[in-house]
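Trainee: below are the sequence and a predicted model; questions follow.
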Amino acid sequence: MLNISTHSINDKIDLKDFKSNKLLNNSKISQLSKWLIAFIVFLILFAPFLPWTQNILSKGYVTTRSPQQRPQSIQSVIAGRLEKWYVQEGDFVNKGDTIVYMSEIKSEYLDPMLIDRTSEQVKAKSQSLDAYSKKIAALNNQYKALENGLNLKIMQLKNKVIQGYNKIKIDSIDLVAVEMNYEITKNQMIRIKELHGKGLKSLTELQEKEYKVQTEHAKINVQKNKLINQRNEVHNLELDLLSIEREYADKLAKSLSEKQTAISSQMEGYAEVSKLKNQLSNYTERKKFYFITAPQSGYITKTLKKGLGETIKEGTDIATIVPSNYDIALELYVKPQDIPLLDFGNKVNIRFDGWPSIIMSGWPKASVGVFEGSIVAIDRFISDNGNYRILVSPVKGKRPWPQKLSIGTGAQAFIFLNQVPVWYELWRQLNGFPPDYYEDEVEKIEMIKRKAPLKSVK
């Protein structure tokens with residue numbers, strides 16, 4: 001009542017007669033209102049001092065950390081034509097199962113007897129290598145025979161030269177003896193000539209001595225000529241020795257040249273045989289690529305090529321396979337302003353699409369139906385969408401992630417940071433500051449760099 005009029009009716013109306021007045025004056029209701037007001041005042045005064053866990057909201061999808069466990073395309077190694085499919089979309093295949101059979105389309109591989117003919121070429125060329133080996137052995141024997149013949153000739157000529165020098169010595173001695181006989185005969189002729197002048201010797205005896213002197217003088221000339229001839233013969237033997245050495249040197253060089261030619265031809269043969277074996281191995285391995293097999297066990301999710309008779313090039317995608325066994329992880333994207341706040345091991349609460357949950361972002365312990373994870377990888381370069389990619393894996397000992405999760409399933413994640421009062425979080429949100437804008441000086445732990453284990457190649 002506003003009591004505007006001077007005529008009041010308060011003294012004429014008893015409020016106790018009204019039911020509403022009785023309800024308002026009920027002590028229990030009044031007591032409840034007081035407690036409600038007190039609770040609201042308590043919240044206003046003390047709620048800002050309650051703890052609040054800072055978090056970063058991000059969306060992503062289920063993936064796997066191992067590249068070999070991700071969906072992959074099955075490709076053709078060679079160009080060919082599709083002849084027969086052995087699978088359908090959705091089929092499960094084991095590692096090594098045939099996916100499709102291809103036929104050859106390149107002209108250099110169309111011969112059905114290509115491998116057999118190449119094998120024959122390898123055998124023929126290998127036999128020619130045996131012939132070269134025998135020729136080299138024969139040339140080695142020929143070279144040794146020439147060397148032995150040269151040594152024998154040299155020894156023979158050297159012996160003849162020695163014999164010639166011995167004959168020269170003998171002829172020289174004989175010449176000296178003939179010259180001495182000539183002097184003796186000459187002296188005898190002079191004495192007989194003197195005696196003939198005195199009449200003591202006859203003219204016949206004198207003529208005989210003169211004849212004998214002429215004979216001895218002739219013997220000297222003969223012996224000199226014999227000595228000269230012997231010396232010339234020895235000189236000719238020495239020239240023959242040089243000629244034989246040069247003759248055999250030419251024969252030996254020719255034999256060695258033929259041997260080197262045979263060795264060179266043999267090396268070329270080895271190269272051709274190696275090349276043919278390489279071709280044969282390539283043809284044999286290429287034949288294996290006609291059957292395209294599954295690289296690992298999994299499900300054929302999509303065939304990327306159509307029906308039979310279609311030709312494809314090298315490296316063409318034929319089908320997509322999803323591995324049956326994989327270790328799941330969660331791929332998330334965060335804003336560039338939040339990436340400096342993240343580190344390996346940060347706790348993450350996750351809600352997967354298709355799994356009901358109630359999330360209390362600031363009070364993670366009050367969340368229901370969520371799964372826990374931790375950051376295991378952080379990209380150091382920005383993605384095409386303008387955010388940074390991080391990977392989250394399950395935490396051992398915690399609630400396991402659902403077994404029915406498939407790669408590509410969507411998820412919503414809350415990455416937890418420090419714990420602060422509610423008033424600080426409200427102040428940060430009102431001012432638009434990022435989480436932990438003002439950081440306390442804490443000891444920074446050096447990040448452990450993960451390296452892939454080394455594997456020996458067998």
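Mentor: Nice, thanks for sending it over.

Trainee: tally of neighbours for the nearest residue to Gly164 once chain neighbours are set aside?
Mentor: Closest residue to Gly164 apart from its sequence neighbours, by CB to CB, 6 or more residues apart in numbering: Val234 at 3.5 Å. The C-beta positions use only the backbone N, C-alpha and C, and glycine is treated the same way. Residues lying near Val234 (other CB atoms under 10 Å) number 19.

Trainee: and the pLDDT for Val234?
Mentor: Confidence at Val234, expressed as pLDDT, is 83.

Trainee: and Ile173, how many neighbours?
Mentor: Applying other CB under 10 Å, I find that Ile173 has 12 neighbouring residues.

Trainee: name the element it belongs to?
Mentor: Taking DSSP states H and E as the criterion, Ile173 maps to helix 114-198.

Trainee: residue with max distance from the center of the protein?
Mentor: In the chain, the residue that sits farthest from the middle, by CA atoms, centre = their mean, is Gly199; the gap is 125.3 Å.

Trainee: still on that earlier bit, do I have it right that the residue nearest to Gly164 meets Leu157?
Mentor: No: at 10.6 Å, Val234 does not count as touching Leu157 under the criterion of CB atoms under 8 Å.

Trainee: counting neighbours, what do you get for Val93?
Mentor: Neighbour count of Val93, defined by other CB under 10 Å: 22.

Trainee: before we move on, what about Glu285?
Mentor: Residues near Glu285, counting by other CB under 10 Å, number 11.

Trainee: quick check, it in a helix?
Mentor: Yes: under DSSP: H, G, I helix; E, B strand; the rest coil, Glu285 falls within a helix.

Trainee: any chance you could map the strands in the stretch 201-350 of the chain?
Mentor: For the stretch 201-350 of the chain, applying DSSP state E, counting those that start in this stretch gives strands covering 291-293, 298-303, 311-312, 317-323, 328-334, 347-352.

Trainee: which parts of the first one are buried?
Mentor: Right, strand 291-293. By neighbour count with 16 or more other CB atoms under 10 Å, strand 291-293 contains the buried residues Ile292, Thr293.

Trainee: what packs against that strand?
Mentor: When contacts are defined as 3 or more CB pairs under 8 Å, 6 or more residues apart in numbering; DSSP states H and E, strand 291-293 packs onto strand 98-103.

Trainee: kindly report the same for the fifth one.
Mentor: Judged by 3+ CB pairs under 8 Å, 6+ apart, strand 328-334 is in contact with strand 51-64, strand 347-352, strand 388-394, strand 410-421.

Trainee: can you tell which of these is closest to Gln230?
Mentor: Nearest to Gln230, of all the helices and strands packed on strand 328-334, is strand 51-64, at 106.2 Å by CB to CB.

Trainee: helix or strand right after that closest one?
Mentor: strand 72-75.

Trainee: wait, a helix at Ser383?
Mentor: No: counting by three-state DSSP, Ser383 falls outside a helix, being coil.

Trainee: and it, how far is that from Leu332?
Mentor: Ser383 sits 11 Å away from Leu332, going by CB to CB, to the nearest Å.

Trainee: need the residues touching each of those two.
Mentor: Arg389 (CB atoms under 8 Å, 6 or more residues apart in numbering).

Trainee: between these two, point out the one with more neighbours.
Mentor: Shown here are Ser383 and Leu332; by other CB under 10 Å, Leu332 has more neighbours (27 against 10).

Trainee: what about the residue nearest to the more buried one when sequence neighbours are not counted, how many neighbours?
Mentor: Using CB to CB, 6+ apart and skipping the chain neighbours, the partner closest in space to Leu332 is Gly60 (3.8 Å). Gly60 is flanked by 21 other residues according to other CB under 10 Å.
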